[in-house]
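Q: how would this look folded up:
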Amino acid sequence: MTLQDASFRLKNYWLFNPITYDLVTTYLCPDLEQLRLDFIFQDLIEEPEVSVLSSLTKLRKFEINFYDQCFYDLGKGMLEACGASLTYLSLHLADDWFVVAPVHNVVASCCPNLVTLLYSGDYKARHTLEECDDQLDFAIPGPAHPNLLHLKVTGVVSDQRLRFLLSHGPALQTIHLDGELEWLHDSTLVAALQINPLPDLEEIWFNVSTTVTLASVRLLLQQDNPLKCIGRLCHMGEATMGEYQELLAHVRQHNLDIKLIWVTDERIKK
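A: Sure thing, here's the model as predicted:
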């Protein structure tokens, strides 16, 4: 049997530090729906040729983990090869936000059908926030992700990063901000909501300390959306229990079906 005749019914494939030969094996998996590629570049023998991923026409879920640094060209090549078919993309890119920011432009240009998008791993180190944010291309036509429902960012959440992501996700239902939120401000949310009012938003989470205040929560409560949950309010800038109680009273007074989570989501069962 020749390589061309061979075929496997694999739906899920996971490779660690793959070289070109390893990726060529995906030719044998025409029904592949999920792919995970993990890289530790200091141990990588050779950078793989990733254009072979274009054969994965049924691929829907793609996880890319760069554990020690972000190789922009490699990530770009993979997303150019198979990004058009993806509905789920998880990117763990362990590097300075300056290096990771340009990847957002690639995702916006190559992945139009995403439903779920997750970023993690980046941090601010060698460059100023302004230098990093300048890597974002706001000239990319939008919305780039008209079907995006779920967004999670665990990394540097700057004003410009969130503005960029929200500008391309008009249908977002859930937003989880779990990274460094110290550079995020109320004015950003006000401006972003003017461009994208998030009419389908159901949940938004601020899971670490942020300079965003409860004023933004009040603004979200005034939006015309099916909002069901906002948390964790204990992390909001200068938030007090008294203000939290006032918000709860506002929710009751207007008979709003919204959970305001101070610390722990009571829906989480032990």
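
Q: Do you have the strands of the chain handy? List them.
A: Along the chain, counting by DSSP state E, strands occupy 12-16, 34-39, 61-66, 88-93, 116-120, 150-154, 174-177, 203-206, 229-231, 259-260.

Q: What is the last one packed up against?
A: Contact analysis of strand 259-260 by 3 or more Cβ pairs under 8 Å, 6 or more residues apart in numbering; DSSP states H and E lists strand 229-231, helix 241-253 as its packing neighbours. (Each C-beta comes from the backbone N, C-alpha and C, glycine too.)

Q: Could you pull out the buried residues of the longest one?
A: Of the residues in helix 241-253, those scored as buried under the neighbour-count criterion (16 or more other Cβ atoms under 10 Å) are 243-244, 247, 251.

Q: follow-up on the earlier one: let me have the strands of the chain in TSV, extended by distance to A239, mean neighbour count and mean pLDDT.
A: Shown next, in TSV, are these (distance: least, Cβ to Cβ, whole Å; neighbours: other Cβ atoms under 10 Å; pLDDT from 0 to 100):
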stretch	distance to A239	mean neighbour count	mean pLDDT
strand 12-16	41	14	96
strand 34-39	38	20	98
strand 61-66	34	20	99
strand 88-93	30	21	99
strand 116-120	25	20	98
strand 150-154	21	19	97
strand 174-177	15	19	96
strand 203-206	10	21	94
strand 229-231	12	20	92
strand 259-260	11	17	93
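
Q: could the ones you listed go into JSON lines alongside distance to I195?
A: As requested, the strands of the chain are arranged in JSON lines below (distance: least, Cβ to Cβ, whole Å):
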{"stretch": "strand 12-16", "distance to I195": "38"}
{"stretch": "strand 34-39", "distance to I195": "33"}
{"stretch": "strand 61-66", "distance to I195": "28"}
{"stretch": "strand 88-93", "distance to I195": "23"}
{"stretch": "strand 116-120", "distance to I195": "18"}
{"stretch": "strand 150-154", "distance to I195": "15"}
{"stretch": "strand 174-177", "distance to I195": "15"}
{"stretch": "strand 203-206", "distance to I195": "16"}
{"stretch": "strand 229-231", "distance to I195": "20"}
{"stretch": "strand 259-260", "distance to I195": "25"}
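
Q: among those strands, which is nearest E238?
A: Across those, E238 has its closest neighbour in strand 203-206 (13.3 Å, Cβ to Cβ).

Q: Check what contacts that closest one and list those residues.
A: Strand 203-206 has contacts (Cβ atoms under 8 Å, 6 or more residues apart in numbering) with 173-178, 181, 212, 220, 227-233, 235-236.

Q: Pairing partners for that strand, with directions?
A: Paired neighbours of strand 203-206 in the sheet (DSSP bridges): strand 174-177 (parallel), strand 229-231 (parallel).

Q: Can you lay out those strands as JSON lines showing distance to L15?
A: Formatted as JSON lines, these follow (distance: least, Cβ to Cβ, whole Å):
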{"stretch": "strand 174-177", "distance to L15": "27"}
{"stretch": "strand 229-231", "distance to L15": "36"}
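
Q: how many neighbours does the closest residue to T188 other than its chain neighbours have?
A: Counting by Cβ to Cβ, 6 or more residues apart in numbering, T188 lies nearest to D159, which is 4.0 Å off, once chain neighbours are set aside. By the measure other Cβ atoms under 10 Å, the count of residues near D159 is 17.

Q: dump the residue contacts of D22.
A: 15, 48.

Q: From W14, how far out is it?
A: Distance, D22 to W14, using Cβ to Cβ, to the nearest Å: 11 Å.

Q: That's all I had, so thanks and see you.
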